[in-house]
Every structure is written in structure tokens, then in C-alpha cells.
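Engineer: Need coordinates for the following:
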Amino acid sequence: MSEAVSAVSQPPLRILSLDGGGYRGLASLEILDRLMTELKRDDGSVPKPCEVFDFIIGTSTGGLIAILLGRLRLSVEQARKHYLEFGEKIFGQQAHVSDDPVHWLKTGEETLNPAPLEGVLDKVASGLDLLDLQPNACKVVALTTEKGAVASDPVFMRSYRSEHPLLPSDGSWSHNWTIKEAGRATSAAPTYFPSVHIKDHGAEKVFEDAGAAGYNNPVLKGISEVRNRIPEFQGRHIGCLVSIGTGLSKILKERSENTNPDPLSWGLFKYLLSPKDNTNAVKKRMTEFAEYLVSIASDTEDAHRVVRDDPQFKGVYFRANIPGLGQFKLDDLSKREVLQSEARNWLNGEGKSFITDCAKRMKSTTIPCFELKPAPFGKPECVGRDNVVEELSKTISSDIASKAEFKPCSILIQGPLGVGKSTVALQVMNDSRVKKTFGNRICYLRCDGMLDIAALKGKLLAMREIDGGKASDAEIQELLSSAPTLVCLDNFEQLWNISELRDEIRHNLLPLLARGSSLIVTVRGTPNIDLDVSGGWSLSTPLGPLGASDARKAILSFAHKPEPSDATERAALDSLVAKCEGLPLSLSLLGHLAGARDFTAIVTRLVTPKAAAIDDFEETRGLGATIRLTLEEDRVRKSPSALALCYALALLPDGAGPDFLRSGLIGTAMDIDEAKARLIERGIAYTEPAYGLLRMLGPLRVFFWNLTPKEQAAYGVDLPKIYDAIRTFYYGLASKPLDDVRETNTRRLYFAQARNIEVMVMRDLANPPRDASAFAAVVDAACGVSGWYVWAGVPHASPYLLQALEQARAREDLVLVGKLLLEIGRDLADEEDQEAKIRAMVNLTEAYAVGKKHADELMAKGDGMSAEEKAVFKKMYELAADASKERARLASSLGDDQNAEVWLHDAVVAYENLWDEDGYMDTFIILGGIQAKRGEVEAAVSSYNRVLDVAKGKTKYRDQEAVVCRSLSALVPGTDDKRRLLERGAALFDELDKLGAAAECRLTLKELEVVV
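Structural biologist: Now for the predicted structure:
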């Protein structure tokens, strides 16, 4: 027992080594397929090699397979599908430079065209880097060699950062390899493919297959790598080492069975030479080639013998090398079925014991204690959670002198996807105080894939080698309580979400574990998990996104970089932090990617829609897979409203407001309430407290954006319909005049959703609607949301307004042109620099000219105007008035009061004719300010009183009344009048929730009392 438990703290390593061998690598996949089937889980599912092996290394075709299985995390079946595609494209007739299989031997030119291989790699890898973003991923090495280099050591193309990124002794190069580059470099076998030229930082190197340099069997290099160059593997012994060959030993057998030293006389090589080729020069090249293959075979077998004969690998090392493969040429595509048949025959005969023995050994090296492993990948990086980890560690640890003093406690950690629940739990288990309390009895169990409670109990009992099917709960409790024990159930929602199990979980499983041991349970979302023991949960800890400061520290920590000194890099880092929205998993993914390149390069990469996904892969370790699993749950998949709401939230960066959720546009109120509860429970959405906005974190939204139409259809979601519903609602919201919305909190709620409208406006302007009314709706929304920013006093450049203006000019729609010129002018007038204000004046002047000219032309028609023309006349006359008012406001701020006053009088006349009270009052507020500045007190008081006369008794004009009360108080002579105006202004500002202005009024009142 003690030996098994000690292994818990340092789980043994499982290594896979793959020889090169051209198309014969297909047999390697057949062997792995049989091995994975033998290792299938309790629920019948077959694991992927990346889930079984900690480290995979390969040369040539073995390097390609290593990348497919380890870096791209494919199942064997998926890898075989791509490998067959490789074969068809690479070794098929269309890929050959020459149909002559010994073309290179005769001419010195390579036989195969590399373009098809590069095309398939592009398709499979989608431009990904070899460097893996996932900190806990299976580690992968593909070997290559530098052509012409003096040193004979291979170059290690790694999916991870080595402890020493550039060491001459291992041939590493600091280039950030893409998967495409690595695939070509590892498979650039002389005679078949041309060498690969790689440029980096001004230097160019040439690479080719490492098999020719003596590393066709990379097993020794793999052993050295895991022992010396991977920090998190230090202190862990090799528990199982699997090496798969490609039958090259057949060549050595031919050599031993032939007395003739000329290899061209051997049966294996007779195909190389035809009578017409029997010239001295060609024969010499062919002899050299045959000897080259013999050399590779010798090196391959030598490496095998070294490991086989090493006592430390006895019972640990397993070598599969099917002898019959030697009869197949490295590029012979026509023998595919025969090759697979040969492999299966070996597996059903001589190789059967290999599979059985190897699987048995691998199962024995799975982490003891029922697959429970404290910190299975070492202590994880954790930033910004110090207080949480400290509180949990302190709660769960205790100083005890005997078992009798131990008091179990139970902790529940909840939170949305990717928020770092597992990381926090692992940090707690690695805390020195916790280790002191529990010693080797710290057990970690992931609940992924579990379908029943019996499976969990069975794994618990495997610790004592008790048959789980016959064990009682009493035996489990005795096992756990025999000494202080800590059990962590990670991703517990996998079991909890099976509704049929909840009563048993609540009343049997959790109490059983909590009474016998301390318990940490992590669960996605916020489900109400009761603990049916005295006192319930000792601590229930909800985790949310990290704050901006901690998020910045986290991404720098994951990238292993200091704070950038360059302004461009700092801005790029700010952008990355914002994109992650405090989600630790996203910070980790982008941080590890940024470790190999500039922050600016990462931001550029995220601009393209596909690359924008924080999680580039569809496989098991990323955020995307977690979301997919959640969508597959019945509580989400079987609720059309929940799926529709997912897509709606993905389109709304600021979240959905209460009004939208109640609008009925994507489901009835009852359906949406239920859908909202389901998404919050599953951790997909959360409610933002200030305004009750239902939001989805940015990285989750990106996942939904990148679903293909086929995937959308699979989930039964009509995305265009949802988008139209959202656009209808939010464009209507933005087009509503802000002056009609008198409640300040309502205005703020609107403003809190400004980005929702901006996203839709930019999308629609990128592909503008042909219909004039539809385009007008886009312009109205663009101007409306821009007005929100002006109202909020937030500096805001609106590039989409310029884009809309260009399109409106092309349509010759003067109404929209004038409207956009006015809004752009308002936008620029709020800028601080003088140049922007000058451009604002240009736009406002043009807006005035457009409105005045068009209004005058229509006015000339008199009674001959149609109803439609009358409506246009009103809009253009209003435009001219608004432009005059805004020009005057801007001119006054620039010191040109003379022109400002002229333009204000023009605006007053227009507003009086239009019966526009808002415009009329705003104009006199500006005019009063100009007059007061010039010392024309009587005129200013008169202007301000005009505003009060209109606003009197009208709640909707509280804003204007409050501003005028404060301004007028400085002009009236009587103390009582001053006091009355200030008190009224303070009260109105309070109602408007403008606390700063209210405080300013009260401060003036206090100063007035001192003077009196």
C-alpha cells in the first residue's frame, strides 16, 4: 500500500516512440488502434493516445503520426483517416515528379512533389503552431536534422518549451515551428522529398529527415528528453515505454542470410535494378542507396537493443516491429490493404501477447488510488486567486496529533466555464499545510465520462483492491476514515446533471464521502447541491472572472514575460486582456501562445474570424470541447429556448437587457426564464448585477461565432432568425430619441448595451442592405448609439459613421447624408484637440448647408408639396436648425461668440416654427452662457428664464431646468433668489442621479451662508 501511495505523488510516465518508415507507418496506427481498444474505459469508450501517453516522439513518418496523435489530439481512427489521405496525395501518381521508383538514384532528383503533403498539412492543421497552448497537454517531439551541419545530433521540434530553448548539445533551434513546417521537416527523406528551407530572424537553415542521420528509431532520444529537458517530468520514473517499428529489421535479416556482399543481389533490393539501368554510375548510386537503408536499419535495431538490454527497462519496455513489413516499399501505395492485413495477422498471432502485456503494464501505471492523483500534472500556474487558495487551504488543513482529532470538512467550488475551479482545487492540494495534514492520502478524481455512482465507488475501492461490485458503503467509509483523507471530485456536474442520480448523490454519496474524509467538489455553473450532513458545506466558494489587474499579471505569467516597455506591445497586451474578459483558461491559452511571439502578433492573428477562437482545436483539452459537452446535456440540448438564448448572447457583447428578454422575440417569457436559469446553472451565462444584463463571457461567445452552418443546424438553431430579432429590437432602441428617455437609469441601461448595437451596425455596413429603408435603419442605429456616447460624455470616435456616410453619398440620400454629417460633427466636437474641432465645424457647416438648401427647395413649392415631401421638408429644416445650434455651441467653445450668436438666433426661429421645445431650450441655454460670459447679465437672465418658462411643471425637462437653476444662481442679485435656485438645482440633480452636480450646488449654498 505504501509503495502504491507514494507513486501517487509522482505518477510514472508513459512514453510512445514511433519509427520512420514511409507508408508503412500505417501499420503503426493498426498496432496503436488495437492497444487503445484494449485500454477502453469502463463505459466502453476508447481513449485517445494523447490521453494515455505523457510523451510521444517520432521520426519521419513517425514524426507525422506523433503530431497527429499528440499535438492535434486525434483518435487513432481520425489519424488513420488523415494518414490515408497523406498516402493518396503524397504517394499517388499525381504527386510523383517521375513514375520511375528509382528516379532519384539515376538523376539525383527527388521522386515526390512536396506540394500535396503541404496541402494536406494545411488542411489538417489550419495554420496552427507546433507549440501547444495547453499547459497540461501530451508533449510531442518530431525529429529532423540540419542538412550539412557538422554535429550529428537531431533537431528537436517540440510542442512545448524546453527548459533550455537553445542548447547546442541537442540541436534545438529557437524557431517557432508551425505544424506544417514541422511535418515537412520531419518527413523530408532523401530520395523522396526535397529538403525544407526555414527562415527565421534573418537566418535560413535547411532540414531533412533525421532517419538518415541515425535516428530512425528515436527511442533513446525520447528517454533522454523526458529525463533531462522537461521540468515537470523530473522525479518521475518511466512506467511504460512503447516503441513501434516499421519492419526495417527485414533488411538486416537479408544481409545475414546472403553471402554476397553486394546488396543489389539480395531479394529485397533486386527491384532497384533493371538491365537497361545496369551502368556503372547508376549501379554505384543504387549500391550506395541500398547501403544507406542497411545503415538506417542497423541504427534502428541498435537503439532497440540498447533499451531492451538495459535492466532498468525490464518489464517496462515493449517493442512492436512486424517482420513482414520489410517486403513493402516505403512509398508503395498499392499495397495498402495487404499491408494492413499483414499488420492484423501479426496482431492476431505473435503480436497478441504484445498487446496484452503492454495494456496490462499501462493499466498498472495509471495513477493508483482509483485514478486519483494529487496535482496530476504538477502544481498548476495560478494567478489572482491567492486569497481564495489561502482561505480554502486554511479551512481544510489542521494540526492533528492523532486520527481522533481529525474533523472532516467539505468545500464546494462553483463557477462558469474556464474560470479556474480545477486549478484552485489543485493549488489547495499542493499547499504545504494540506500535505502535512493528509500526507499521501490526497486523492483527485475527475468525473468526466462517469455515468453512474457505482463506477465512482468502484474506483474508490480499487485503492484497496476490493471488488467494487461486492463492496458495501461501510467498507468505503472504513477505507476513507482509516486515516485523514482528502478526496477531490473535479467536474462533478457530469454526475450531478444526470437527474436520476441526484437523490442518491444528495442523500448517499456525498454524505458517505463527507463523513469519512475531507471533501473538495468542483462544479460548473451554480447548481444547488445540498450536502445532507450536519452543518452542510464548510465553505461554498463561487469563482468569477479575474479583475483587470490580476488578468494582466496572469497573461504575463503564462507567457513568462515582463511588462512590455514598448507602447505598441502594451496596447496589444491591453487588447488581449480585454478579449479574455478575466477568464483564466483563455488567459492561459493566449499567454502560452504569446510566450513564443509578440503580443502584437497575437492580436493580429485574432482579427481573422477563425483564429479569433481562443481555443483553436475541437479536441478534449480546450474550452471548445467543454462548451460542446455542455450543449450536449439534455437540460440544454432539449431546450430550443436555451439554445436560441445561447446564440443571442453570443451576438450581444454587452449582454441582453431585461426588455429584450421580455420582448418575446426569441421565445415566450416563460421559456426564456427557464432557459436563463438553465444557462446560469450550467455556467454558460451570468447576470451582471448593475443593470441585470444577462451576459456570456467573450471567449464563449467566440466559440459560438465559429460554429459552421452544419454545426448550427445540428443544434437546431436558426441563426439568421435570431439575428434579425436582435437587430429589430436594438435598432429600435438606438433609433428612439434619447430626449424621449427621461429616466437617467434607463439611459444608463441603454448605454450599458452600446456595443451590442455597434457590433450589428459594423456587420451590416460591411454588407449593406440594398433596400433603402433597411439601410436607413442601420444609419439611424449608428447615429443613435453615437448620441448615447455624446450624452454620457465618453470620448468616442465612430469609424462606422464615416463608412455609413460614404455609402449614403453613393446612394445620393441627402436626408441620411445630412444626418450623418451632423452626428460626425457632434462626435468630433467632443474631442480635445483643436484639429478635431475644426473638422467638426466643417461637417456641421456641410450638414447645415444640406438641410437649408433642401428645405428651401421644398419650401419654394409652397402648397404644391406632397405629404412625403412635407415629411422630408420637416427633417431637413430640423437638420438645419440642429446644425446651427451645434455650430454655435462649438464656435462659442472656440471663442467665436459673434458667429455663435447669429447661428443661435437662426436656430431659435427654426425651433419656434417646428414647435421643438427641446431644441428651443438647448439654444437658449447656450445663448445664456455666451451672454453671461460677455457680462450681459440682464440678457443672460432673460435667456435662462425662457428655458424655465418652458420647463416649468414638466418632469421630462428636469435636466434643462437643473442646469439653468445652477447657472442663473450666479447671476441673480438677491440672496434668497440664489438660495432658492441652488436648492432647486440640487434637488433636481439628485433626482437625475447626477451626484457631482448636486454636491456642487450644495457647496455653493454653504459658501453663500458663510457670506451672509
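
Engineer: Can you pull out the low-pLDDT segments for the stretch 101-250 of the chain?
Structural biologist: 101-112, 126-127, 133-136, 148-152, 163-174, 190-192, 201-202, 235, 248-250 (pLDDT under 70).

Engineer: Now do the strands in it.
Structural biologist: Taking DSSP state E, counting those that start in this stretch as the test, the strands found in the stretch 101-250 of the chain are 139-146, 155-158, 196-200, 203-209, 238-244.

Engineer: And the ones you listed: which comes nearest Ala656?
Structural biologist: Taking CB to CB, strand 139-146 is the member of those nearest to Ala656, at 41.9 Å. In short, each C-beta sits where N, CA and C put it, glycine included.

Engineer: Packing partners of the closest one?
Structural biologist: Counting contacts by 3 or more CB pairs under 8 Å, 6 or more residues apart in numbering; DSSP states H and E, strand 139-146 is packed against strand 55-59, helix 61-66, strand 155-158, helix 179-186, strand 203-209, helix 219-228.

Engineer: in its sheet, what does it sit against?
Structural biologist: If you go by DSSP bridges, strand 139-146 pairs up with strand 55-59 (parallel), strand 155-158 (antiparallel), strand 203-209 (antiparallel).

Engineer: how far is the longest one from where the chain is centred?
Structural biologist: When you say that, I think you mean strand 203-209. 33 Å (CA atoms, centre = their mean, to the nearest Å).

Engineer: what's the angle between that strand and strand 196-200?
Structural biologist: 150 degrees (axes from the mean of the first three to the mean of the last three CA atoms, to 10 degrees).

Engineer: Enumerate the positions of strand 203-209 that are buried.
Structural biologist: 205-209 (16 or more other CB atoms under 10 Å).

Engineer: and what of stretch 888-904?
Structural biologist: For stretch 888-904, burial by neighbour count (16+ other CB under 10 Å) applies to 888-892, 894, 897, 900-901, 903-904.

Engineer: nearest spatial neighbour of Thr61, skipping sequence neighbours?
Structural biologist: Gly25 (3.7 Å; CB to CB, 6 or more residues apart in numbering).

Engineer: Determine the number of other residues adjacent to the one you found.
Structural biologist: 28 (other CB atoms under 10 Å).

Engineer: Could you list the low-pLDDT ranges of the stretch 401-550 of the chain?
Structural biologist: Ranges of the stretch 401-550 of the chain meeting pLDDT under 70: 401-405, 448-451, 458-471, 535.

Engineer: what are the ranges of the helices in it?
Structural biologist: Applying DSSP state H, counting those that start in this stretch to the stretch 401-550 of the chain gives helices spanning 421-430, 432-438, 453-461, 473-481, 493-496, 502-504, 510-516, 548-559.

Engineer: distance between the fourth one and the chain's centre?
Structural biologist: Meaning helix 473-481. Here the centre of helix 473-481 is set off from its chain's centre by 42 Å, with CA atoms, centre = their mean.

Engineer: If we go by neighbour counts, what in it is buried?
Structural biologist: 476-477, 479-480.

Engineer: which helices and strands does it pack with?
Structural biologist: helix 453-461, helix 510-516.

Engineer: To Ala601, which of these lies closest?
Structural biologist: helix 453-461 (44.4 Å).

Engineer: So for stretch 979-994, what gets flagged as buried?
Structural biologist: Buried residues in stretch 979-994, counted by 16+ other CB under 10 Å: 979, 981-982, 984-986, 988-990, 992, 994.

Engineer: before we move on, what about stretch 779-797?
Structural biologist: In stretch 779-797, the ones that count as buried by 16+ other CB under 10 Å are 779-790, 796.

Engineer: Now do the strand or helix carrying Ser353: which elements does it pack against?
Structural biologist: Here Ser353, judged by DSSP states H and E, is contained in helix 352-365. Applying 3+ CB pairs under 8 Å, 6+ apart, one finds that helix 352-365 contacts helix 25-38, strand 238-244, strand 317-320.

Engineer: among the ones you listed, which is nearest Glu938?
Structural biologist: The minimum distance between Glu938 and the helices and strands packed on helix 352-365 falls on helix 25-38, with 93.3 Å, by CB to CB.

Engineer: Summarise which helices and strands the closest one is packed against.
Structural biologist: Against helix 25-38 (3+ CB pairs under 8 Å, 6+ apart) you get strand 13-18, helix 49-52, helix 61-66, helix 76-90, strand 238-244, helix 336-348, helix 352-365.

Engineer: what about 10 Å?
Structural biologist: strand 13-18, helix 49-52, helix 61-66, helix 76-90, strand 238-244, strand 317-320, helix 336-348, helix 352-365 (3 or more CB pairs under 10 Å, 6 or more residues apart in numbering; DSSP states H and E).

Engineer: Most tightly packed of these?
Structural biologist: Most buried of these by mean neighbour count (mean count of other CB atoms under 10 Å) is helix 61-66; its value is a mean of 30.

Engineer: Centre of the chain to that one, how far?
Structural biologist: Worked out by CA atoms, centre = their mean, helix 61-66 lies 27 Å from the chain centre.

Engineer: Output that helix as PDB, restricted to C-alpha atoms.
Structural biologist: This file holds the C-alpha atoms of helix 61-66, laid out as PDB (Å, rounded to 0.1, in the frame of the first residue of the first chain):
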ATOM      1  CA  THR A  61       6.500   9.200 -40.800                       C
ATOM      2  CA  GLY A  62       6.600   8.600 -37.100                       C
ATOM      3  CA  GLY A  63       7.000  12.300 -36.500                       C
ATOM      4  CA  LEU A  64       3.900  13.000 -38.600                       C
ATOM      5  CA  ILE A  65       1.900  10.400 -36.600                       C
ATOM      6  CA  ALA A  66       3.200  11.900 -33.400                       C
END
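
Engineer: Rounded mean pLDDT for it, please.
Structural biologist: On average, the pLDDT along helix 61-66 is 92.

Engineer: Show me what that helix is packed against.
Structural biologist: Against helix 61-66 (3+ CB pairs under 10 Å, 6+ apart) you get strand 13-18, helix 25-38, strand 55-59, helix 76-90, helix 115-125, strand 139-146, helix 179-186, strand 238-244.

Engineer: need those in a markdown table with distance to Val603, can you?
Structural biologist: Below are these laid out as a markdown table (distance: least, CB to CB, whole Å):
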| stretch | distance to Val603 |
| --- | --- |
| strand 13-18 | 36 |
| helix 25-38 | 38 |
| strand 55-59 | 32 |
| helix 76-90 | 31 |
| helix 115-125 | 21 |
| strand 139-146 | 27 |
| helix 179-186 | 22 |
| strand 238-244 | 41 |
